[in-house]
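# Can you look at this prediction? I've put the sequence above it.
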Amino acid sequence: MNIILVSGSSRSSRHVSLHHHHVLIWIGVGLVILPLFFGILTFKIQGLLQRHAGLADAELLARQQAELRQLRTELTQARSRAETHLNALAQRLGRMQAQVLRLNALGARLTRMAQLDTKEFDFAGPPAMGGPERATPVAPDSADFLKALDTLSVALDHKAEHLDALESLLMDRQLTAAVTPSGWPTHGGWVSSPFGLRADPFTGRRAMHEGVDIAARLGSAVTAMGDGVVSYAGLKAGYGRLVAVTHGQGYTTRYAHTAEILVKVGDRVTKGQPIARVGSSGRSTGPHLHFEVLRNGRAVDPRGYLVERPRRYARR
């Protein structure tokens, strides 16, 4: 094969002769080497593009993993706050339940102390309540719920204070009632000589009688007019066998002319407890009980503390 190369400037030409082997070689290069070169080049470019895309995907994945870790951290913190909040609410609920139990027990005790109807004031069961159902339920609000808990807690504290004060008042009243002389000190009998000025039964002169005489059956029981402590038990001039009981609140009662003393100094006695027996010891004209009430050391009229009973004599 002859190839003629012509130069445009010099008008000269060159002759190149190619053997058919050379042509086959160049054809082979064109058919094999060049496609292989371009294939390798294309592979390299695709590899670079894939690596670049892989780096972009890795960065995206890393960002997503970082966001996921942040979300997990926030979720853990929210769960911790929720658990702390729930624990605080549980503690408050426990305290309020304990307060309710205490108030129920206190209410039941006050009901018994005040002698109220336990069926009407039943602290063991829930209070009676009712009303029509609302068509649209009200969705609970956490702020309103916490405010209601605070209000209820304060109300429970105030109720507990009021009930404590009421219990103290009732206890004081019961104590006062227990130690204040009241009732009738003998089984049967009647007032044979009142409190105040009278003619002395032995001299006939006017004299102050600082008690009342209750004529009663000889040997019948003499009972304490209130709770207290025996402060005197023995013979006393003019009184014969005398028992004195100190009740507190400034009260002292005396039981004189007894035939037998059943208690001793220092004994605690309760209202209605037998402490002696009716007699006629000391300066007496017959079987009777001389009964005195002293308030802050001064004799007062016992008739204000006596609840008279039928004029009869009871068996021993």
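Perfect, thanks for sending it.

# which helix of the protein spans the most residues?
Secondary structure of the chain per DSSP state H: the longest helix is helix 34-113.

# pLDDT on that one, on average?
Averaged over helix 34-113, pLDDT sits at 73.

# now stretch 304-316
pLDDT averaged over stretch 304-316 gives 58.

# again, but for stretch 157-173
Rounded mean pLDDT across stretch 157-173 is 66.

# same deal with stretch 228-239?
For stretch 228-239, the per-residue pLDDT averages 94.

# one step back: give me the helices and strands touching the longest helix of the chain, please.
helix 142-179 (3 or more Cβ pairs under 8 Å, 6 or more residues apart in numbering; DSSP states H and E). The C-beta positions use only the backbone N, C-alpha and C, and glycine is treated the same way.

# what's downstream of the helix it packs on, the next helix or strand?
Using DSSP states H and E, the helix or strand that follows helix 142-179 in sequence is strand 190-193.

# Now do that next one: which elements does it pack against?
Judged by 3+ Cβ pairs under 8 Å, 6+ apart, the packing partners of strand 190-193 are strand 212-215.

# burial count for Thr252?
By other Cβ atoms under 10 Å, the residues close to Thr252 number 20.

# quick one, what contacts it?
Going by Cβ atoms under 8 Å, 6 or more residues apart in numbering, Thr252 touches 231, 244-246, 293-294, 297.

# And the next helix or strand past the strand or helix carrying it?
Assigned by DSSP H and E, Thr252 belongs to strand 251-261. Going down the chain from strand 251-261, the next helix or strand is strand 268-269, by DSSP H and E.

# Residues contacting the next helix or strand after that next one, please?
The helix or strand immediately downstream of strand 268-269 is strand 274-278, counting by DSSP H and E. Residues outside strand 274-278 that contact it (Cβ under 8 Å, 6+ apart): 186, 189, 216-224, 230, 241, 243, 245, 255, 258-263, 269, 287-289.

# who touches Gly226 in this structure?
Here Gly226 is in contact with 178-182, 245, 247, 251, 253, 271 (criterion: Cβ under 8 Å, 6+ apart).

# How much space separates it from Thr270?
8 Å (Cβ to Cβ, to the nearest Å).

# And Phe37, by the same measure?
According to Cβ to Cβ, Phe37 and Thr270 sit 125 Å apart.

# Next: Asn104.
With Cβ to Cβ as the criterion, Asn104 and Thr270 are 30 Å apart.

# Which one's more surrounded, those two?
A count of neighbours by other Cβ under 10 Å puts Asn104 above the other of Asn104 and Thr270, at 14 against 11.

# before we move on, back to that, from the contacts of strand 274-278, which would you call buried?
Among the contacts of strand 274-278, those classed as buried by 16 or more other Cβ atoms under 10 Å are 186, 189, 216-217, 220-224, 230, 241, 243, 245, 255, 258-259, 261-263, 269, 287-289.

# Return the alpha-carbon coordinates of stretch 72-83 using PDB.
Extracted in PDB, the C-alpha atoms of stretch 72-83 (Å, rounded to 0.1, in the frame of the first residue of the first chain):
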ATOM      1  CA  ARG A  72     -31.700   8.100  71.700                       C
ATOM      2  CA  THR A  73     -30.100  10.500  74.200                       C
ATOM      3  CA  GLU A  74     -33.100  12.800  74.200                       C
ATOM      4  CA  LEU A  75     -35.400   9.800  74.600                       C
ATOM      5  CA  THR A  76     -33.400   8.500  77.500                       C
ATOM      6  CA  GLN A  77     -33.400  11.900  79.100                       C
ATOM      7  CA  ALA A  78     -37.200  12.300  78.500                       C
ATOM      8  CA  ARG A  79     -37.700   8.800  80.000                       C
ATOM      9  CA  SER A  80     -35.600   9.700  83.000                       C
ATOM     10  CA  ARG A  81     -37.500  12.900  83.500                       C
ATOM     11  CA  ALA A  82     -40.800  11.100  83.200                       C
ATOM     12  CA  GLU A  83     -39.700   8.400  85.700                       C
END
